[in-house]
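Participant: Quick one: sequence plus predicted model below, questions after.
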Amino acid sequence: MSIEPEVELVWTPEMVRRFWAYESKHPENFFSYQVSSVLVRRFRKHLSGEIVDYGAGGGHLLEDLLSCGFHCAAVESSANELNLLFAGNPLFLGARSFSDLAGWQGKFTTAFLVEVVEHLYDKELMECLSSIHALLKPGGGTHCHYPQ
């Protein structure tokens, strides 16, 4: 009996795209779908200014933030879909892809990063955090809040 060597799975951009295309058909499995209204209620007193949802997915958290009167933007690979979904909402500041953030540097007071970190390799995680840092106004996002 031979034992096959362990092969490390490395996600390619195409594999990631296919994975999320499949998963997007099941929004009930997403944390933000299940608890976004709870997140907004929990953090509402800490929110002001313009908010960006980085890794917005299907826009569940955005929907709750917008319904509470917050000005919000999204960063997501499916930015076009989010722009169509929220096109009629005057509080929606637009959605952009991860590679198209020019002009948004220093624009936001708060950034949400929900259910994203666990999907990133170390290199992508550092790029993600640097990107979010660049989107925040000086002094923005200096406090991290965790539900008790």
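Facilitator: Thanks, I have it. Numbers count the residues shown, from 1 in each chain.
Participant: neighbours around Leu85, how many?
Facilitator: When neighbours are defined as other CB atoms under 10 Å, Leu85 has 17 of them. For glycine as for every other residue, the C-beta is placed from the backbone atoms N, C-alpha and C.
Participant: wouldn't it be in contact with Gly59 here?
Facilitator: Yes - contact criterion CB atoms under 8 Å: Leu85 and Gly59 qualify, at 5.6 Å.
Participant: For Leu9, which three-state class applies?
Facilitator: Here Leu9 is coil, with the state taken from DSSP: H, G, I helix; E, B strand; the rest coil.
Participant: Helices of this structure, start to end?
Facilitator: Assigned by DSSP state H, the helices in the chain fall at 13-23, 31-43, 60-67, 79-85, 122-135.
Participant: Output these as JSON lines; include the columns mean pLDDT and distance to Ala95.
Facilitator: Output for those, formatted as JSON lines (pLDDT from 0 to 100; distance: least, CB to CB, whole Å):
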{"stretch": "helix 13-23", "mean pLDDT": "80", "distance to Ala95": "15"}
{"stretch": "helix 31-43", "mean pLDDT": "84", "distance to Ala95": "15"}
{"stretch": "helix 60-67", "mean pLDDT": "95", "distance to Ala95": "8"}
{"stretch": "helix 79-85", "mean pLDDT": "95", "distance to Ala95": "4"}
{"stretch": "helix 122-135", "mean pLDDT": "91", "distance to Ala95": "13"}
